[in-house]
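**Student:** with the input below, show me the fold.
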Amino acid sequence: MEQQPGRDTESPSSRQTGETSWVPQYQKDGKAFADLIATTDHAQRHAGYQALPDMLLGEIMRYGLLGGDRDVIVGLISLYGKFLSSEPQVAIRREIYRHVAALAEDRAIEAVALLPFVFSDPDGAVCATAVIDYVSMGDLVDGDPMSRVKDITAMIAHRDPENRGAAFGGLLYLGDQRVCDLLLPLRDDLRLEEVREAMACCTGFPHASSVEFLLDWLEGMDPNVEERLFPIVATGLGRVRKGMQEPVVRTGERPFPATGVTPEELRRMARQVSIKEYTAKIALRLRALARREAGTEVMPEVLEIWGLTPAGNQEPRAKESRPGQSKLWDLISKASAIFAPAQTSPNEVARPPTQARVEPGPGPDPARSTDSGGRGASESWVPQFESDQEAWAKLTVGTDEFSDRSDGYHTQADMLFGEIIRFGTYGDLAVLKPLYGRLIAGGLGVALRRDVYGHVAAFQREGLIHPVAFMPFAWWDPDRQISAKAVVDYVSTAAPFDGDPLSRVKEMIGFMADGDVENRGGVFGGLLYVGDARVCSLLLPLRDRLTRAEILDATLCCTGLLHASSVEFLLGWLEDMQADQRDTLFAPVAAGLGLLRKTMREPFVSTGERAFPITSVSAEGQDRMARKVSVEEYTERIAPRLRTLAWMEPVSKVDPDLKVMPDVLAFWGVAPLGREETGAWKH
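**Tutor:** Got it, this is the predicted structure:
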């Protein structure tokens, strides 16, 4: 049978092996068999079948020809049960299934013919394959791509399938975030044996949505309480990686139905990434789960299957004793050496959670005192750790329960600072994600958050915490200055993995592309003004996905240090801009060109590449790599492009008098076309 995209190539049918001696009756005389199943007399039909497998196949084909007649399905389920009693060999049922699936794929019968296998077959491979094929081939209802998936979830909810776990697993490993969202309300209704069946249904073609469904499930459990469920789901994580048939992970969506989609279109929709890149994104979450597990000890094996080492097995970083900080240094250094990902670890950063996985204890109460000793939004903050470093370190990295830590923090700023330091030490996101938003909602202002960021950056520069501590600011802070600075500091200080100097940049671009950051403009601007042509090339596919407000945020992130790659990215953006975008987007992008020149702090432009991480080269090496030229020399190079853009600047429909490029030319010291010699244009 010729396989179509999205069918058995990604289903558990790869396990359906085993030849039988049965030769289907319809293959001997197709016309006679067609006449037989068209016969309305029940007894006459049954008398005409040569063998029991022919009877089951014929009745299922008839059901598919009739378009899923409700009166037929009841008798068919009864027949299936009798067949199971008389012909228990699963190989026969798998062969019957292959014939039915081939006919459904060729549109000779409707996909509804696959449902008897979903309802009645106890074999996990048969049931899960039937689920995948049904939702992949069935026609949509009311144009809803999830309509056939909803058919199956309704059956699971009503406990219709003989093997609910396999039906659940078929959908889970189908690989689509929309499908996983529909499964979420059903997972806690599964029995342990059903979960075990579901975990066995992985297809060999891993999808990010399936992996992250399992990660979310585990992160919502207490391994000590759910000591039987945790290892079953954890084993599923290992099976996904161990059984993979090619070194890529699909991160996109599936087409529904899959029929009619070309292999090229299917690959484009799948948005494949390398297994190394994807492992790096989930490594921190896997290690955090391994630390939480007790008793069963499944997660160490899961880490090994994914090619990761437990945090405790990584090489500790050497520290020097520092006057006035020895107790704090010793305590955090000890925790870092045991738990934190090392600077040279290839796989630290997890995708930020999209939901709160562990409900933290009571957060800061905005109604409490608003002076510097309370939890309010006062902009005057004396960090708690400065008054008693040992007590603060024990509170932050030495206290396991968030509710206990929460009571010990003096202010909102202390709480945010302490929990980020803890994250930079242990890498546990469960508390920090919901806490960050609650603190902002509770009145923690931007000035204090910038102050907190400055202290976190200082700790990281001293080597006390991993650069991953910058990530909460990049993910969740709405302030463009904070998010952009966090992005620059993270990609500049975190060690690359797999020998790819841009691996950390690619992580940030992935988070931004997938909508995992609060201020996309700030993150985009941070990367844009890092100053490297390789980074700008990676940003190119994202620029047209930014809104006008996000572009404004991005252009306001300039650092005062001018890089040719950033300037030429904006020039190219303006030159390539389509007519339907120019009215709203030309002005903010052009304003960014002007700000770059107006805010520069030294009269040089860097034209080379940047070192990643920046700490890998000396200051002299950085200067050599920068290949600086004078701003006058660089301006001469780009002046013709600036003048051309000024000449072609569109008239705004919103504000016809608005012209940005004349000011941009003035900032750069460039005369408009036709006035190069007069000098009258200068401010």
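**Student:** the host helix or strand of residue 391: how far from the chain's middle?
**Tutor:** If you go by DSSP states H and E, residue 391 is part of helix 389-397. On the basis of CA atoms, centre = their mean, to the nearest Å, helix 389-397 sits 33 Å off its chain's mean C-alpha point.
**Student:** what is the rounded mean pLDDT of that helix?
**Tutor:** Mean pLDDT, helix 389-397: 87.
**Student:** who are the packing partners of the following helix or strand past it?
**Tutor:** The helix or strand immediately downstream of helix 389-397 is helix 402-408, counting by DSSP H and E. Using 3 or more CB pairs under 8 Å, 6 or more residues apart in numbering; DSSP states H and E, the elements in contact with helix 402-408 are helix 389-397, helix 412-426. Glycine gets a C-beta too; all of them are placed from N, C-alpha and C.
**Student:** okay, these in a markdown table with mean neighbour count and distance to residue 44 next?
**Tutor:** Listed next are the helices and strands packed on helix 402-408 as a markdown table, based on neighbours: other CB atoms under 10 Å; distance: least, CB to CB, whole Å:
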| stretch | mean neighbour count | distance to residue 44 |
| --- | --- | --- |
| helix 389-397 | 20 | 79 |
| helix 412-426 | 26 | 72 |
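**Student:** now those in TSV, with distance to residue 508?
**Tutor:** Converted to TSV, the helices and strands packed on helix 402-408 look like this (distance: least, CB to CB, whole Å):
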stretch	distance to residue 508
helix 389-397	26
helix 412-426	17
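**Student:** and the strands in this structure?
**Tutor:** In the chain, the segments counted as strands under DSSP state E are 248-250, 272-274, 562-563, 604-606, 628-630.
**Student:** tell me which of those sits most buried.
**Tutor:** Sort those by mean neighbour count, taking mean count of other CB atoms under 10 Å, and strand 562-563 sits at the top with a mean of 26.
**Student:** looking at it now, give me its mean pLDDT.
**Tutor:** Here the average pLDDT along strand 562-563 is 93.
**Student:** pairing partners for that strand, with directions?
**Tutor:** Here strand 562-563 is paired, per DSSP bridges, with strand 604-606 (parallel).
**Student:** touching the strand it pairs with from outside, list them.
**Tutor:** Contact partners of strand 604-606, identified using CB atoms under 8 Å, 6 or more residues apart in numbering, comprise 531, 561-564, 567, 626-631, 634.
**Student:** now swap in stretch 578-598 and tell me
**Tutor:** 544, 548, 551-552, 554-556, 558, 562, 566-567, 570-571, 573-574, 577, 631, 642, 645, 649-650, 652-654, 658, 660-661, 663-664, 667-668.
**Student:** now list the buried members of those.
**Tutor:** 551-552, 554-556, 558, 562, 566-567, 570-571, 573-574, 577, 631, 642, 645, 649, 652, 660-661, 663-664, 667-668 (16 or more other CB atoms under 10 Å).
**Student:** would you state the helices of the stretch 201-350 of the chain in chain order?
**Tutor:** 208-219, 229-242, 263-270, 275-292, 299-305, 326-339 (DSSP state H, counting those that start in this stretch).
**Student:** flag the shaky bits of the stretch 101-250 of the chain, pLDDT-wise.
**Tutor:** Within the stretch 101-250 of the chain, no range satisfies pLDDT under 70.
**Student:** check the most far-flung residue of the chain relative to its centre and give its pLDDT.
**Tutor:** Within the chain, residue 44 marks the point farthest from the mean C-alpha position, 57.2 Å out by CA atoms, centre = their mean. Here the pLDDT value assigned to residue 44 is 92.
**Student:** and it, what is it in contact with?
**Tutor:** Listed by CB under 8 Å, 6+ apart, the contact set of residue 44 is empty.
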